[in-house]
Each structure stands twice: as C-alpha cells, then as structure tokens.
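Chemist: need a 3D model of the following:
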Amino acid sequence: MRKAIKIRGTNIEIIRPFDGRNITTVLFDFDGTLSRERDGWVNLMVATNSAALAQAVPNISVKEAVEWVINDIEQTVGIPTYQQMERLAEEIERRRGKGFSPQRYKDVYNDALVAMVKSRHQKLKTRELELEELRVPGASELLTELYSKFGENALFLASGTDIQPVQESVKLLGYDKFFGDRIIASGSTNNDEDCAKQLIIEKLITEKSLQPGQLLCFGDGVPEIEYTNQFGGACVGVLTSDKSHYESRGHFTIEQKRERLIKAGAHILVPDFRCASKLVAIVCSNILEM
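Modeler: Numbers count the residues shown, from 1 in each chain. Predicted coordinates for the structure are as follows:
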C-alpha cells in the first residue's frame, strides 16, 4: 500500500497487498502471539546478561553493563537465544574478561524464564491471576473461527522452546483442542546457522506440500513473519507489548516492534484479536487493490 490502511471500527491495519483466498494452513507463534506467560522476558534477559557482564569484566559499572545489554537485545530481537548469548560471551572476551560458554549463559536465562512462568502458573492455582490474563485478548475466539473455517487439521503451533513446556502451556491456556498434536517446537538447536522458526516453517511446508498463497502465519516476532513472507504466505503481525521496565525510556516499544514486523513483511498488523471475525474475513480476502 502507498499508505497503511486502518479498517474503520476495528483495530486492524493493512500494511501491504496480499491474496488470502487460497489459504489452507494456519501457523501460530506462541509466546506473545497467543500466550502472555512470558511477559517481562526482556527484564530477565537484561538482568541475567548484565550481571554476567559486570561480574566477568573488570572496571565496568553496572550501569554500563545494563546499557550494553539493552542495546544488544534491541539489535538482536528475533534471533535464537543461543546466538544472543554468543554475542555476550564475545563481548566479555573483547573486554578481556573471564566468562563462560554461551550455553551456560543461555541456561541461566532459561532457568529464570522457566521460574517466572511456573510462578504465574502457581498464581493461577491460587487465583491470584485469572486465565484471561495469560491469554492474548480474543485469541480463543480467533482460534474458534479459524478452526471452524479450515478444519481440525489446519492449525499448527510453532515455538522456539522445548516441546514439553509448550504442550503444558497450551493445555493450561485451553488451546489444546485447536492444535492437538500439531505443535512443532525446536528450542535445543545451538547451531549458528539454525533458526528454529525457519526450520519449523520449512518442515511444515514440506510435510503439507504447501504452495505459495496457502500458508497464513500469526506472529509477534520477525522470524516467523519473514520466512512466511519469503515463501509467499500471508502474515499477520501481532503488536503485543513485551512488558519491559525500559519501555518508558524508549526501549522495546510497540512502535519499534511495529517497524520490525513491517520490515519483516507483515501484511496486516493487530494489537490483539478482539476483532477476530473481521480479521478472519480480511485475511481470507483478495487485498490487492485498495
């Protein structure tokens, strides 16, 4: 489009033309797209990585360490966590510090992340949290619409983490009836050339023998949008907040996420799925001329 188009009476924004009339398969990212369980992940990564940097490098202040980590995360949002930890290890070495392996740093961060998610699950049990607080608004309605339109074998879930915790979360949030065993997770690859989301999308395309125009993707991250777009699929970018302490200082903002998702190839942007019915109607249309 020459200019992004906001659909009147909705929170839907069309960014570029697409043809969704031949869609047969729908792929969802999980964290930040359907689930809010990991809200605040940025705070954890800044804390763990800045602590590692400050402890390993002589004569670096905590403030300087935090600023370096914030800047690095902003530059690397969307790449595999292992690669982010490689950058941390390389920075420590560049500053002549004595550090550990990237895997060690990844494990420390992942342990903190798992503990945060478990804490939120426990709060559900004690009713300190409501289930809807861990779901992206309108997600269940959207899944119901898509499930009804495309059938029980058309919806797939992608995650860059390990399969077991994803399955547990999907069940907890009540999404298992939509996905069944069609959950593709790949969070254990540490190869520099591997991107979990790329591998997941390639696997789905191959196994389903998909053609350009048949895949629809919902995601809040660059990889799933970028690789779906490259294949010729339709992409809905989800502008959920990362719930960062640093957003008020101009870091990790919705505006920055919007720019990243547009650059990655998003055709549509939404903040959530409160307009589920209208969104489904639009993504399954021919939006080539407006």
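
Chemist: buried ones in stretch 74-81, by neighbour count?
Modeler: Neighbour-count burial for stretch 74-81, counted by 16 or more other Cβ atoms under 10 Å, picks out Val77, Gly78, Pro80, Thr81. In short, each C-beta sits where N, CA and C put it, glycine included.

Chemist: show me where the stretch 51-200 of the chain has helices.
Modeler: For the stretch 51-200 of the chain, the helices defined by DSSP state H, counting those that start in this stretch occupy 62-76, 81-94, 102-125, 139-150, 163-172, 176-179, 196-208.

Chemist: angle of the fifth one against helix 102-125?
Modeler: What separates the directions of helix 163-172 and helix 102-125 is an angle of 20 degrees, with axes from the mean of the first three to the mean of the last three Cα atoms, to 10 degrees.

Chemist: who are the packing partners of helix 163-172?
Modeler: helix 102-125, strand 155-159, helix 176-179, strand 183-185 (3 or more Cβ pairs under 8 Å, 6 or more residues apart in numbering; DSSP states H and E).

Chemist: thinking again about what came up before, the helices of the stretch 51-200 of the chain: which one's closest to Leu27?
Modeler: Closest of these to Leu27 is helix 196-208, at 6.3 Å (criterion: Cβ to Cβ).

Chemist: report the distance from that closest one to the chain centre.
Modeler: Relative to its chain's centre, helix 196-208 lies at 16 Å (Cα atoms, centre = their mean, to the nearest Å).

Chemist: hmm, who's touching the following helix or strand past that helix?
Modeler: Helices and strands here follow DSSP states H and E; after helix 196-208, the next one along the chain is strand 215-219. The contact list for strand 215-219, computed with Cβ atoms under 8 Å, 6 or more residues apart in numbering, reads 20, 23-29, 33, 158, 201, 204-205, 224-225, 228, 231-238, 283.

Chemist: return the subset of those lying in strands.
Modeler: If you go by DSSP state E, those have Thr25, Val26, Leu27, Phe28, Asp29, Ala158, Ala234, Cys235, Val236, Gly237, Val238 in strands.

Chemist: dump those to JSON lines, plus neighbour count and distance to Arg16.
Modeler: Shown next, in JSON lines, are the ones in strands among the contacts of strand 215-219 (neighbours: other Cβ atoms under 10 Å; distance: Cβ to Cβ, whole Å):
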{"residue": "Thr25", "neighbour count": "19", "distance to Arg16": "21"}
{"residue": "Val26", "neighbour count": "25", "distance to Arg16": "19"}
{"residue": "Leu27", "neighbour count": "26", "distance to Arg16": "19"}
{"residue": "Phe28", "neighbour count": "27", "distance to Arg16": "21"}
{"residue": "Asp29", "neighbour count": "23", "distance to Arg16": "19"}
{"residue": "Ala158", "neighbour count": "27", "distance to Arg16": "22"}
{"residue": "Ala234", "neighbour count": "28", "distance to Arg16": "10"}
{"residue": "Cys235", "neighbour count": "28", "distance to Arg16": "9"}
{"residue": "Val236", "neighbour count": "28", "distance to Arg16": "12"}
{"residue": "Gly237", "neighbour count": "27", "distance to Arg16": "11"}
{"residue": "Val238", "neighbour count": "25", "distance to Arg16": "16"}
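
Chemist: just the pLDDT for Glu152.
Modeler: For Glu152, the pLDDT comes out at 86.

Chemist: from what I see, it and Gly180 are in contact.
Modeler: Yes - look at Glu152 against Gly180 with Cβ atoms under 8 Å: they come within range, at 7.3 Å.

Chemist: any low-confidence regions in the stretch 151-290 of the chain?
Modeler: 186-195, 289-290 (pLDDT under 70).

Chemist: apart from its neighbours in sequence, what residue is nearest Asn43?
Modeler: His245 (5.3 Å; Cβ to Cβ, 6 or more residues apart in numbering).

Chemist: confirm that that neighbour sits in a helix.
Modeler: No - counting by DSSP: H, G, I helix; E, B strand; the rest coil, His245 falls outside a helix, being coil.

Chemist: buried set for the strand or helix carrying Lys263?
Modeler: According to DSSP H and E, Lys263 maps onto helix 254-264. For helix 254-264, burial by neighbour count (16+ other Cβ under 10 Å) applies to Lys257, Arg258, Arg260, Leu261, Ile262, Ala264.

Chemist: what's the answer for stretch 108-120, then?
Modeler: Val108, Tyr109, Asn110, Ala112, Leu113, Met116, Val117, Arg120.
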